[in-house]
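>>> Take a look and give me a structure for this.
(chains A and B)
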2 protein chains.
Amino acid sequence: MKNFSEWFHNILEEAELMDARYPIKGMSVWLPRGFQIRKYALNALQELLDKDHEEVLFPMLIPQSELAKEAIHVKGFEEEVYWVTKGGKRDLNEHLALRPTSETSIYPMFSLWVRSHMDLPIKVYQTVNTFRYETKHTRPLIRVREITTFNETHTAHATEEEAEKEVMEGIEIYKTFFDELGIPYSISKRPEWDKFPGSKYTMAFDMIMPDGKTLQIATVHNLGTTFAHTFDIQFENEDGTHDYVHQVCYGLSDRVIASLIAAHGDEKGLSLPPVVAPEQVIIIPIIFKENQDVVLNFTDNLEKLLKNNGIRVKQDKRELRPGKKYYEWEKRGVPLRIEVGPRDIENNTIVINRRDTGDKEFVDYDENTIVDVVKDRLDSITHDMKEASNKFQEEKTFAIEKPEQIKKTINKKGGIITCSWCGETDCGKDMEEKFDIDVLGTQESDLENKTCINCGKDASYKVLISKTY
Amino acid sequence: MKNFSEWFHNILEEAELMDARYPIKGMSVWLPRGFQIRKYALNALQELLDKDHEEVLFPMLIPQSELAKEAIHVKGFEEEVYWVTKGGKRDLNEHLALRPTSETSIYPMFSLWVRSHMDLPIKVYQTVNTFRYETKHTRPLIRVREITTFNETHTAHATEEEAEKEVMEGIEIYKTFFDELGIPYSISKRPEWDKFPGSKYTMAFDMIMPDGKTLQIATVHNLGTTFAHTFDIQFENEDGTHDYVHQVCYGLSDRVIASLIAAHGDEKGLSLPPVVAPEQVIIIPIIFKENQDVVLNFTDNLEKLLKNNGIRVKQDKRELRPGKKYYEWEKRGVPLRIEVGPRDIENNTIVINRRDTGDKEFVDYDENTIVDVVKDRLDSITHDMKEASNKFQEEKTFAIEKPEQIKKTINKKGGIITCSWCGETDCGKDMEEKFDIDVLGTQESDLENKTCINCGKDASYKVLISKTY
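Numbers count the residues shown, from 1 in each chain, chains lettered A, B, ... in the order given. Model prediction:
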């Protein structure tokens, strides 16, 4: 992929995912195909969340007084909050914020809901639209003014230990989710100066995009008791004493779809893992006038058979030459293409093409086994797509030792570099400025080199560095 | 139900559906149980829509210039539009409306999408939040400032005939949907002065609430070519000439959940049709210490059996007396309750209780048939709940002949009255004022009495009249 930025821009249109021509900068329209991918991705995520969380829905507007309550938090967002100031022709007494994120809409209610330790834990999530008045260059799905798909989980616990456990649970859910979608990631603990405003610490998932820059695709925040103090979320223990709850929140957004597109796409267009593909299988009947009935009879049966066995399948009977159809469905990223022509029927075979590898396979056709064959190939695709994208992330991650390697490696190879770091904010910010990079965060690791790559002091962390979106 | 208004207010809290204490008037929080009911209702609707429409998602904000384009339309909404005027600390160059409804966000894109007759029809829908700055008294789900669940379908067609067909399709979809949920309705064509701003005509569904007032629960609008002219949605015919598209839109909202609650609830609380019930069956093991294992072994098996057969089932093993559990699950509206005690197991029976009728039934327990028995009872409940609520709507609909009956009937009996009407706007508005009622709309009908009930002129319509929410 020569120019990822241009490719990404084009694929949204060519694969009919989004229309970016909406007359407000940074806001786009989900087209039917894009919407379906989004839906299947959300389904996969919600299935994981539903095991241990309940879905809720909070209002979109937040009173200014509530948003302002948590000072550090509001400072992190105030530059980019959209404000409703008028209702009809009247000026509102209190301005209302379009939620930039929902802590300050949810936690005043938590305060009402939590009375006793019996009310804990609370573990809820919602999928909503949120808003940021982005002044930087916007890009669909990546840097937007309306995040149409913000899936956010909010929890409250009686103890710090339970909150820590919830952090781990959030990380596990996202790992499983990204693995299912074949989206690679590196997890790190964001540095102090880049954690979520108001949180104790932030764990983040970053994916290396094809252009070598990293995209933050999910975050898990341990909020400690900051918001509990601000919004007075207290509970009574069994012994009658009162404590503030410990809170965790985590979320991901439209960027999941961006990372999905970027992780698997190629010069031919989109390439979708079966779990999110609107069509997992596209059947192309190769029709000539004289034997049309025989072929269509065969492909109709095949389509019905696959559909009845829970496979999302579509048949393309349009009067176009097969090559044009192949081209279109490849661009749309359908994982498996089945071609059936009159000769194939005579030979009792069908042709199966994989979108991810381009592999072509002649398969003996047997009604009793074909469903298993197709399911097996879809599973292989899922597995191999994940392997391939993980391999890319690994190969683009470079361990280095010397400061002069930082800029050289990033500029030449892109991706993530790892090295030893003292962990001091001053040193970290100095590095960011000096080398024109971003400190993603730290990982627990036994360091071989115990000297900070930048300041030379004792190093206690393995740090991840990249250029970021 | 003595006081519906109070009952409705309480049921939202008692059945754990919504929390109305959110710190903005007219905006409430969907609690987990309420959210699930909403989800199952939406699933049922979307299954119907998906057969012939595609799901999309448009941005929430609309530029002032777009909203203002369709003059009649904007006039209908301008008093109640929320305006975003600030981004961060800056004043926006152009104010942005929180969508009150989405015509003016969607149709500028239709204009880009439609070029040739080959691009038609377009049939899309979305489920979104919309906003109205209500100055009247608000009430959760019924009159709100954030409609959290606005399901709206928008279509564009080459001909007037196709648009008419789409109107019929929309009506059929809503009829099927409301029938599935056992929500009764009367369909009428709204009078000229109450049609959707900018439309040719509006077909509406109204349900008679327990207090006798009607609630509009869905509308289908034939938009003609009004918006096509405003937003320049033209297509090229095969012969090279150009035409404006004919458009239809229809929608329903949170009110569906209000009508669901109102149609089936009673003094014991909520009563849910199985299709939307978070739990279709609640199993209550009657546990005494000495035989706990026997009972729980039995109920665990039963739970597993039902679950494996696609029934949403839950078992309540809490250490509470059964009566308290019955009370709680009745309040929450679970359609079927199964009680199993040690004596039942000895007798090889289980006790099945219907929430809708209160009927209690001893059923011989047989692993091979119990799933069918439960499914059969759930089907009966669905059927009977629909019958009962339809009966209420019918019994509350009164055909009258004389003007003096209007006020008397409405005030004494509530509901809908039907009579003959000339169809003139002046006469209709006069009636509304004189009798303090609302003209819902007209139905096609062979009139026995061909004299207008109000002005005495020739009557050409059967008109539906009520007090409305």
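>>> Report the contact partners of the residue nearest in space to the middle of chain A.
Residue closest to the mean C-alpha point of chain A, counted by C-alpha atoms, centre = their mean, is A:Val256 at 2.1 Å. When contacts are counted by C-beta atoms under 8 Å, 6 or more residues apart in numbering or on different chains, A:Val256 touches A:41, A:45, A:149, A:181, A:183, A:217-218. C-beta here means a position set from N, CA and C on the backbone, and glycine is covered the same way.
>>> That one: what secondary structure?
helix (DSSP: H, G, I helix; E, B strand; the rest coil).
>>> From the chain's centroid, how far away is the lengthiest helix in chain A?
Using DSSP state H to define each element, chain A has its longest helix at helix A:370-395. Relative to the chain's own centre, helix A:370-395 is displaced by 19 Å; criterion: C-alpha atoms, centre = their mean, to the nearest Å.
>>> Any buried residues in it, and which?
By neighbour count on 16 or more other C-beta atoms under 10 Å in any protein chain shown, the buried set for helix A:370-395 is A:370-371, A:373-375, A:377-378, A:380-382, A:384-386, A:388-390, A:392-393.
>>> could you give the mean pLDDT of that helix?
Per-residue pLDDT over helix A:370-395 has a mean of 98.
>>> who's in contact with the very next helix or strand once past it?
Remark: after helix A:370-395, the chain's next helix or strand is strand A:397-399, criterion DSSP states H and E. Here strand A:397-399 makes contact (C-beta under 8 Å, 6+ apart) with A:186, A:208, A:409, A:413, A:415-419.
>>> Which of the residues in strand A:397-399 are classified as buried?
A:397-398.
>>> from the contacts of A:Val256, which has minimum pLDDT?
Out of those, that is A:Thr149, at 95.
>>> Tell me if I am right that that residue is in a strand.
Yes: counting by three-state DSSP, A:Thr149 is found in a strand.
>>> Next, the contact list for it, please.
A:Thr149 makes contact with A:38, A:42, A:127, A:129, A:253-254, A:256-257, according to C-beta under 8 Å, 6+ apart.
>>> Could you do A:Ile11 as well?
So A:Ile11 contacts A:17, A:261, A:265, A:269-270 (C-beta under 8 Å, 6+ apart).
>>> Mind giving me the ChimeraX select for the residues you listed, buried ones only?
In ChimeraX, a selection of the buried entries from the contacts of A:Ile11 looks like this (16+ other C-beta under 10 Å):
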select /A:17,261,265,269,270
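>>> Please pull out the lowest mean pLDDT helix or strand from chain A.
One helix or strand of chain A scores below all others by mean pLDDT, DSSP states H and E: helix A:71-77, with a mean of 83.
>>> Quick check: A:Asn301 vs chain B, distance?
Distance, A:Asn301 to chain B, using C-beta to the nearest C-beta, to the nearest Å: 22 Å.
>>> Got phi/psi on the closest residue in space to that residue that isn't next to it in sequence?
Of all residues not flanking A:Asn301 in the chain, A:Glu367 sits nearest, at 7.9 Å (C-beta to C-beta, 6 or more residues apart in numbering or on different chains). Backbone torsions of A:Glu367, given as degrees, to the nearest 10, read phi -50, psi -30.
>>> Surely A:Glu367 and A:Asn308 touch.
No: contact status for A:Glu367 versus A:Asn308: not in contact, 11.6 Å apart, counting by C-beta atoms under 8 Å.
>>> can you give me the strands in the stretch 151-300 of chain A?
Listed in chain order, the strands of the stretch 151-300 of chain A (DSSP state E, counting those that start in this stretch) span A:186-189, A:201-208, A:214-224, A:234-236, A:242-244, A:246-252, A:281-285.
>>> Could you list the low-pLDDT ranges of chain A?
Filtered on pLDDT under 70, chain A yields no residues whatsoever.
>>> domain parsing for it?
By the assignment in automatic domain parsing, chain A contains the domains A:4-264, A:279-379, A:397-466.
>>> Pick the most deeply packed of these.
Across these, averaging neighbours per residue (mean count of other C-beta atoms under 10 Å in any protein chain shown) puts domain A:4-264 on top, at a mean of 20.
>>> how much distance is there from that one to the middle of the chain?
How far domain A:4-264 lies from its chain's middle: 11 Å, per C-alpha atoms, centre = their mean.
>>> Next: stretch A:420-436.
For stretch A:420-436, the distance to the chain centre is 28 Å (C-alpha atoms, centre = their mean).
>>> what's in contact with that stretch?
Residues outside stretch A:420-436 that contact it (C-beta under 8 Å, 6+ apart): A:191-193, A:401, A:403, A:406-407, A:410, A:437-439, A:442, A:447, A:449-455, A:457-463, A:465, A:467.
>>> Out of the contacts of A:Thr149, which comes closest to chain B?
Among the contacts of A:Thr149, A:Asn129 lies closest to chain B (C-beta to the nearest C-beta), at 5.7 Å.
>>> got the contacts of A:Val256 as TSV, with distance to B:Ile338 columns?
Shown next, in TSV, are these (distance: C-beta to C-beta, whole Å):
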residue	distance to B:Ile338
A:Ala41	37
A:Leu45	33
A:Thr149	39
A:Leu181	40
A:Ile183	44
A:Ile217	45
A:Ala218	42
